[in-house]
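Participant: sequence first, then the predicted structure:
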Amino acid sequence: MSTNFYITPEGKKLVTVIPGDGIGPEVVRAAQRIIAATGAPIAWEERFAGESVFKQGIASGVPQDTIESVSKTRVVLKGPLGTPIGYGEKSANVTLRKLFETYGNIRPVRELPGVQTPYSGRNIDLVVVRENVEDLYAGIEYMQTPGVAECLKLISRKGCEKIVRLAFEFARSEGRKKVHCATKANIMKFTEGMLKRTFEEIAPEYPEIEAQHIIVDNCCHQLVRRPEQFDVIVTTNMNGDIMSDLTSGLIGGLGFAPSANIGNEVAIFEAVHGSAPKYAGKDSINPTALIMSAVLMLRYLDEFQAAQQIENAVLVTMEQGIRTRDVAGDEGAVGTTQFTDAIIGNLGKRAKDWSVRDYKPLVLPQVSTAQDFVQAQERRTVGVDVFIESALPPETLGKSLVGIGEGTPLQFKQLANRGTKVFPSMGAITDSTDHFSARFMLTDATGNLSDDALLDLLARIGKQHRWMHIEKLQEFDGKPGYSKAQGED
Ligand code: NAP
């Protein structure tokens with residue numbers, strides 16, 4: 001929990017509020033009205049981001065005065081921002097998360113009274129803690145050939161340590177008993193495996209919390225079959241993005257799914273849902289997700305009483321059968337304003353059959369900010385993968401590379417196409433593309449590949465073929481830092 005809140009001369013905690021696009025302004029106003037009704041000492045500084053900003057020609061979708069406000073207040077309540085689909089602009093949401101290094105995305109879901117789902121009565125109450133700034137979501141993409149695209153999945157040990165510690169600390173703050181770590185470490189041993197290994201190293205520091213690794217696809221299967229077994233699930237960015245929409249679906253949809261983006265300096269609170277443009281201005285959408293995001297924000301701001309009052313009032317309102325169109329259908333639904341009014345009217349009441357957890361302040365994990373977070377005592381470059389664009393059959397391309405390393409410290413080992421060895425042939429039936437990687441290894445098993453030797457190899461290859469990318473094959477402290485192709489010995 002940050003203690004660097006910006007306090008106004010009137011003694012209020014200042015929060016940057018970004019109304020957002022589409023239904024954003026409606027849900028944000030609902031939350032602001034409810035907070036005002038609790039009397040919590042919150043003041044707002046309104047700033048903009050998203051579609052209106054893109055239209056002004058600001059390519060990031062986040063103008064300077066918004067960045068300055070967030071840097072000052074360090075706490076943001078944000079409506080959804082529309083993301084242009086296609087080329088050019090990046091998502092303003094992702095930009096905001098990355099600009100302020102909000103590395104953890106906390107997405108709680110809980111069964112609510114009166115929201116009928118196939119899981120009603122099973123007491124779903126779980127939290128997905130999603131890494132928020134790394135992974136495929138960083139959107140580092142390249143066209144390597146006209147027909148083959150690449151997206152870099154970068155996962156750091158530091159990023160893993162931060163998110164794992166945040167998951168355990170969040171579990172502690174909510175009195176939760178179990179943390180699952182969901183990864184695809186069985187396939188992506190370095191990237192997804194980094195989260196698994198970090199989780200297993202850090203878990204013993206939280207002995208009161210049960211820690212268990214689960215393969216992410218099985219986790220999704222289990223979430224659909226027995227969601228009540230889960231308490232906290234920590235996972236990588238892309239997995240978490242997909243899983244948390246799934247978990248929202250379990251409890252009645254995106255209208256009920258809040259989130260908090262937590263960083264060391266800044267926290268941004270927002271609904272999981274987007275700007276749902278077709279409902280904009282219709283006073284019909286469900287503001288609960290944004291209201292519950294504001295509840296998370298109040299706890300972050302140490303306003304526990306107001307947070308508890310609002311959470312109770314939401315439960316009471318739902319118990320009273322007051323529901324928006326997404327749950328009630330067209331018959332008997334109330335509008336966004338009426339729903340908000342009902343919550344305000346229920347402030348101070350307690351739900352009959354539904355309780356609110358006992359929350360403790362969240363302790364933000366302190367992880368070193370050193371750039372070289374992990375250092376190797378020893379390192380060697382033992383070879384190189386050279387990526388080649390070629391329309392030649394694998395056999396022909398492979399044979400042309402066999403002699404290319406002669407007279408150099410490197411020897412051609414094999415050719416792979418999208419991760420599968422295609423030369424020397426294993427007799428498998430593989431449909432190839434024009435994108436190959438040729439693996440060259442040092443002939444001296446204890447040597448270290450120099451840049452000069454590498455550049456010489458590239459020049460030799462470049463005389464016959466079009467190479468577009470390389471990856472050095474490195475060993476750190478004697479351990480290979482590269483994967484093998486399918487079929488490689
Ligand atoms: P969406 O805006 O989340 O809407 C998808 C559907 O979810 C809606 O059509 C509606 O379902 C339901 N829904 C969403 N919010 C609801 C609410 N508060 N109450 C009731 N129902 C709700 O997703 P999208 O249509 O894919 O995305 C629209 C834009 O939002 C895109 O530009 C996207 O990039 C952006 N986006 C922003 C954020 C963010 O700011 N964090 C997150 C996601 C998407 P029915 O049609 O079944 O009624």
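Facilitator: Thanks, I have it.
Participant: drop to CA atoms for contacts and neighbour counts, all remaining ones
Facilitator: Will do.
Participant: interface residues of the stretch 201-350 of the chain facing the ligand?
Facilitator: Residues of the stretch 201-350 of the chain found near the ligand (CA under 6 Å from any ligand atom) are Leu254, Gly255, Val272, His273, Gly274, Ser275, Ala276, Ile285, Asn286, Pro287, Asp326.
Participant: dump these into JSON lines; add neighbour count and distance to Ala306 as well.
Facilitator: Compiled in JSON lines, these are given as follows (neighbours: other CA atoms under 10 Å; distance: CA to CA, whole Å):
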{"residue": "Leu254", "neighbour count": "23", "distance to Ala306": "24"}
{"residue": "Gly255", "neighbour count": "22", "distance to Ala306": "21"}
{"residue": "Val272", "neighbour count": "24", "distance to Ala306": "22"}
{"residue": "His273", "neighbour count": "22", "distance to Ala306": "24"}
{"residue": "Gly274", "neighbour count": "19", "distance to Ala306": "26"}
{"residue": "Ser275", "neighbour count": "19", "distance to Ala306": "27"}
{"residue": "Ala276", "neighbour count": "15", "distance to Ala306": "29"}
{"residue": "Ile285", "neighbour count": "22", "distance to Ala306": "24"}
{"residue": "Asn286", "neighbour count": "27", "distance to Ala306": "21"}
{"residue": "Pro287", "neighbour count": "27", "distance to Ala306": "18"}
{"residue": "Asp326", "neighbour count": "16", "distance to Ala306": "27"}
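Participant: nearest to Lys72 among the residues you listed?
Facilitator: Lys72 lies nearest to Val272 out of these, by CA to CA, at 24.6 Å.
Participant: before we move on, the earlier item: so which of the residues of the stretch 201-350 of the chain next to the ligand comes closest to Gly39?
Facilitator: Pro287 (19.8 Å).
Participant: now stretch 324-339: how far from the chain's centre is it?
Facilitator: Relative to its chain's centre, stretch 324-339 lies at 31 Å (CA atoms, centre = their mean, to the nearest Å).
Participant: per-residue confidence averaged over that stretch?
Facilitator: Stretch 324-339 comes out with an average pLDDT of 94.
Participant: so which residue of the chain lies furthest out from the middle?
Facilitator: Gly407 (47.7 Å; CA atoms, centre = their mean).
Participant: how about Lys360: what's its closest non-neighbour residue?
Facilitator: Excluding its sequence neighbours, the residue lying closest to Lys360 (CA to CA, 6 or more residues apart in numbering) is Ser173, at 4.7 Å.
Participant: wait, the one you found sits on Tyr300?
Facilitator: No: Ser173 lies out of contact with Tyr300 (CA atoms under 8 Å); the separation is 10.9 Å.
Participant: look at these two and report which has more neighbours.
Facilitator: Tyr300 (22 against 15; other CA atoms under 10 Å).
Participant: helices of the stretch 301-450 of the chain, residue ranges please.
Facilitator: 304-319, 325-328, 336-345, 394-402 (DSSP state H, counting those that start in this stretch).
Participant: now tabulate those in TSV and tack on distance to Val295.
Facilitator: Putting the helices of the stretch 301-450 of the chain into TSV (distance: least, CA to CA, whole Å) gives the following:
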stretch	distance to Val295
helix 304-319	5
helix 325-328	21
helix 336-345	13
helix 394-402	59
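Participant: return the most buried member of those helices.
Facilitator: helix 304-319 (a mean of 23; mean count of other CA atoms under 10 Å).
Participant: in PDB, could you pull the C-alpha coordinates for that one?
Facilitator: Extracted C-alpha coordinates of helix 304-319, given in PDB (Å, rounded to 0.1, in the frame of the first residue of the first chain):
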ATOM      1  CA  PHE A 304     -11.800   0.700   4.700                       C
ATOM      2  CA  GLN A 305     -15.000   1.900   6.200                       C
ATOM      3  CA  ALA A 306     -16.300   3.500   3.000                       C
ATOM      4  CA  ALA A 307     -15.200   0.500   1.000                       C
ATOM      5  CA  GLN A 308     -17.100  -1.900   3.300                       C
ATOM      6  CA  GLN A 309     -20.200   0.300   3.300                       C
ATOM      7  CA  ILE A 310     -20.300   0.300  -0.500                       C
ATOM      8  CA  GLU A 311     -19.700  -3.400  -0.800                       C
ATOM      9  CA  ASN A 312     -22.500  -4.100   1.700                       C
ATOM     10  CA  ALA A 313     -24.800  -1.700  -0.100                       C
ATOM     11  CA  VAL A 314     -24.200  -3.500  -3.400                       C
ATOM     12  CA  LEU A 315     -25.000  -6.800  -1.800                       C
ATOM     13  CA  VAL A 316     -28.100  -5.400  -0.200                       C
ATOM     14  CA  THR A 317     -29.300  -3.900  -3.500                       C
ATOM     15  CA  MET A 318     -28.800  -7.200  -5.300                       C
ATOM     16  CA  GLU A 319     -30.500  -9.100  -2.500                       C
END
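Participant: look up which residues are beta-bridged to Val76.
Facilitator: Note on Val76: beta-bridge partners by DSSP bridges are Thr16, Ile268.
Participant: and the pLDDT for it?
Facilitator: The model's pLDDT for Val76 equals 98.
Participant: same deal with Val94?
Facilitator: 81.
Participant: against Arg122, how distant is the residue farthest from the centre of the chain?
Facilitator: Shown here: Gly407 relative to Arg122, a distance of 69 Å by CA to CA, to the nearest Å.
Participant: likewise Ser450?
Facilitator: For Ser450 relative to Arg122 (CA to CA), the value is 61 Å.
Participant: dump the residue contacts of Thr336.
Facilitator: Glu26, Val27, Ala30, Asp283, Ser284, Ile285, Asn286, Pro287, Thr324 (CA atoms under 8 Å, 6 or more residues apart in numbering).
Participant: ok, now Tyr119?
Facilitator: Contacts of Tyr119 (CA under 8 Å, 6+ apart): Leu250, Ile251.
Participant: give me that answer again for 7 Å
Facilitator: Contact analysis of Tyr119 by CA atoms under 7 Å, 6 or more residues apart in numbering lists Leu250.
Participant: with adjacent residues omitted, what lies nearest to the most centrally placed residue in the chain?
Facilitator: Centroid-nearest residue in the chain, with CA atoms, centre = their mean: Asn237, separated by 2.9 Å. If the residues on either side of it in the chain are set aside, Asn237 comes closest to Glu131, at 4.7 Å by CA to CA, 6+ apart.
Participant: just to revisit the earlier point, residues in contact with the residue nearest to Lys360?
Facilitator: Tyr359, Lys360, Pro361, Leu362.
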